[in-house]
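Requesting a structural model of the entry that follows:
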Amino acid sequence: MSTQHTPRSPLPALSRRRLPSLMMAGSAAVASTTSTVAHADPGSRRYQIRNPRFEDGLHGWDVTGPAGAAEVDAEAPLLRCRSSGGARVVVSQDVQVRRPGWRTLRARVRTDGAVPASSIALVARGVDQQVVLPVTGEHGGPVEIAVSARLPAGELRIELRTESAESAWAEFTELRLEAGPTHREVRGVDLSGVPKNEACGAEYFTADGTAPVDPVQVFADHGATTGRLRVWVDPADGYCTPERTVGMARRIAAAGMDVLIDFHYSDTWTDPGAQGVPAAWREDAPHGLRAAIADHTRATLAALRDAGVDVAAVQVGNEINPGMLWPWGQTWDVDPDDGVDGAQYDALAGFLTAGSEAVTEIFPEAEVILHLTNIHDGVEGLSSWFDEITAREVPFDVIGLSYYSYWHGTFQDLQRAIAVLADRFERDVVVVETAYAHTLEDDPRSPFENIVAEPSQLTRGYPATPEGQAANFRAVQDVAVSAPTAGARCRGAIYWEPAWTAVDGAGWDPEDPSSGNAWENQSMFDHEGRLLPAPFSALS
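Modelled structure (predicted):
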């Protein structure tokens, strides 16, 4: 946490390791629809849509809805649809698809209004697959959104939809119809805090509160594919240790989810503001740190393997923009008085390589993830970090990112970061942390000020309600997997601590049993422990 392709068969949540690539570097009149034959360019696998950028007004498109609700800005060019009072506006085009199979519709969009006012859809015989468009706001930049469906041969209808009881608008341009799907393969949940929460008396129930639920199994039952667990070396409270991680990983695997292990290489939280050396490693620092990392990684993963747990992926470090094991693995001069000056990328690369090689030794097929955050500071800084790491040939497979919309910039910022990093470094991307509030109210039985507590902190278009929380999580997933990339791609997103409810003794500070939970209003359970159907639906 920050303090601030055509499927051959059902794909695993995290595909197995591939060889790392060490790359360095006015309005128009309504026109009647003319059906066209969609055909693919053999090189691009893209199908043709008539007038996809609206350069010829609405030629080739059909419009239903109030007069003037769909207009083309000829200068941009783009289509803008407006809706209010429940009016439904649909701009559509029919094409003929010669063969059955997966198709993906992509569009560049901007929107405003209450979710789910606008969407894009593929409609065919027995199929109506849509993706709700994220809210960008008037001043937000556009994002690319994709919707995929397995379609029969024959007539296919592309629909651009806007419908709102209030006032909403959506802009569309640069439509493309392609062969193959875009999937949210990774729909994950970080469940690291569940053992401590349960030990302190937390209970979890169905939405109506009448029956208890297993907080692990219930996520798998609602569509989660991956369970993430953090590992600390020797935390004061005895939780998130290698030993406890084994038990929790077995629960995740038994529920049918893949296991992702997140090594912090610390006794407590690590993030851009803290990357402390475990107490047990300090005596041998700095020369013994590589061996300590390798031994800790190897021993933890071996215990999981021996317990029958298959590990799909491993994070070597957590939000390591500033490096790790300060000051010896720092990427800038954290403390001018500590005797270690400037960035220490050689040492950092050695630490990361030690962890990565230990992962491969125990789980040869597990993917290694390197995890950064703070994309709002600019993708150039993230690229520079990976330039340093790839120049030193650190072996890794996947780029992990944190993205909380109330901290880390716009959806366009997220999508740009994914696209730039995936293309530049030829790795797939996973958003390994995201979350959003379902209320601004604190749990009165265990009061502790929440991280997101004020309306001013919320993301435009996403209220602090269960529905707003669900819409935000789904928007992060859809924006991420729709990022336009050349070869690598984004596989999905993981929700951070959706089962961390407020209970005395299970607060944020492992050294202070009286510390509280500043995250309870971002869980997917209410203050009574009842699951919230809307957020859970965003996992499906």
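
which residues of the stretch 351-500 of the chain fall in helices?
Secondary structure of the stretch 351-500 of the chain by DSSP state H, counting those that start in this stretch: the helices cover 379-391, 411-425, 466-481.

Quickly compare those helices and say which is most buried.
helix 466-481 (a mean of 25; mean count of other CB atoms under 10 Å). Just so you know, the C-beta spots here come from the backbone N, C-alpha and C atoms, and that holds for glycine as well.

So for it, mean pLDDT?
Helix 466-481 shows a mean pLDDT of 98.

Which other helices and strands does that helix contact?
If contacts are counted by 3 or more CB pairs under 8 Å, 6 or more residues apart in numbering; DSSP states H and E, helix 466-481 sits against strand 127-132, strand 143-151, helix 411-425, strand 428-434, strand 490-496, helix 533-537.

so what secondary structure elements neighbour the shortest one?
It stands for helix 533-537. Counting by 3+ CB pairs under 8 Å, 6+ apart, helix 533-537 packs on helix 466-481.

got the angle for the helix it packs on vs strand 143-151?
Inter-element angle recorded for helix 466-481 and strand 143-151: 90 degrees (by axes from the mean of the first three to the mean of the last three CA atoms, to 10 degrees).

can you give me the strands for the stretch 251-400 of the chain?
258-263, 311-316, 323-324, 329-330, 367-372, 398-402 (DSSP state E, counting those that start in this stretch).

ok but A67 is inside a strand, no?
No - counting by DSSP: H, G, I helix; E, B strand; the rest coil, A67 is not part of a strand but coil.

residues in contact with A506?
193, 196-197, 199-200, 202, 500, 517 (CB atoms under 8 Å, 6 or more residues apart in numbering).

do that again at 7 Å, thanks
Contacts here follow CB atoms under 7 Å, 6 or more residues apart in numbering; on that basis A506 touches 193, 196-197, 200, 202, 517.

What of A153?
97-100.

hmm, back to that, what's the closest of the helices of the stretch 351-500 of the chain to V135?
Nearest to V135 among the helices of the stretch 351-500 of the chain is helix 466-481 (7.5 Å), distances taken as CB to CB.

quick one: the closest one to strand 490-496, angle?
Going by the same axes, to 10 degrees, helix 466-481 makes 150 degrees with strand 490-496.

Would you reformat the strands of the stretch 251-400 of the chain as a markdown table and include mean neighbour count?
Formatted as a markdown table, those follow (neighbours: other CB atoms under 10 Å):
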| stretch | mean neighbour count |
| --- | --- |
| strand 258-263 | 26 |
| strand 311-316 | 27 |
| strand 323-324 | 26 |
| strand 329-330 | 26 |
| strand 367-372 | 24 |
| strand 398-402 | 26 |
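
With mean pLDDT and distance to G113 added, can I get these in JSON lines?
JSON lines is the format used below for the strands of the stretch 251-400 of the chain (pLDDT from 0 to 100; distance: least, CB to CB, whole Å):
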{"stretch": "strand 258-263", "mean pLDDT": "98", "distance to G113": "36"}
{"stretch": "strand 311-316", "mean pLDDT": "98", "distance to G113": "37"}
{"stretch": "strand 323-324", "mean pLDDT": "98", "distance to G113": "43"}
{"stretch": "strand 329-330", "mean pLDDT": "98", "distance to G113": "45"}
{"stretch": "strand 367-372", "mean pLDDT": "98", "distance to G113": "33"}
{"stretch": "strand 398-402", "mean pLDDT": "98", "distance to G113": "28"}
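
Same list (those strands) but as TSV, adding distance to A299.
Shown next, in TSV, are the strands of the stretch 251-400 of the chain (distance: least, CB to CB, whole Å):
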stretch	distance to A299
strand 258-263	11
strand 311-316	13
strand 323-324	18
strand 329-330	20
strand 367-372	17
strand 398-402	23
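
Go through these and name the closest to G180.
Of the strands of the stretch 251-400 of the chain, the one closest to G180 (CB to CB) turns out to be strand 398-402, at 20.7 Å.

Can you tell me the strand partners of the closest one and which way each runs?
When pairing is defined by DSSP bridges, strand 398-402 lines up against strand 367-372 (parallel), strand 428-434 (parallel).

Report how many residues lie close to the nearest residue in space to A349 that is not next to it in sequence.
Distance criterion CB to CB, 6 or more residues apart in numbering; nearest residue to A349, sequence neighbours excluded, is R392 at 3.7 Å. R392: 15 surrounding residues under other CB atoms under 10 Å.

and what of F525?
25.

Could you do E203 as well?
Using other CB under 10 Å, E203 has 15 other residues around it.

I figured it hits V213, correct?
No - using CB atoms under 7 Å, E203 makes no contact with V213, being 9.3 Å away.

so which of the strands paired with strand 398-402 gets nearest W332?
When the strands paired with strand 398-402 are compared by CB to CB, strand 367-372 sits nearest W332, at 14.0 Å.

okay, the angle between the closest one and strand 311-316?
40 degrees.

Can you pull out the low-pLDDT segments for this structure?
The model of the chain has pLDDT under 70 over residues 1-47.

circling back to that earlier point, among the helices and strands packed on helix 466-481, which is nearest A464?
That would be helix 533-537 among those, by CB to CB, at 12.1 Å.

ok, back up a step: could I get the helices of the stretch 351-500 of the chain as JSON lines with distance to Q330?
As requested, the helices of the stretch 351-500 of the chain are arranged in JSON lines below (distance: least, CB to CB, whole Å):
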{"stretch": "helix 379-391", "distance to Q330": "12"}
{"stretch": "helix 411-425", "distance to Q330": "22"}
{"stretch": "helix 466-481", "distance to Q330": "29"}
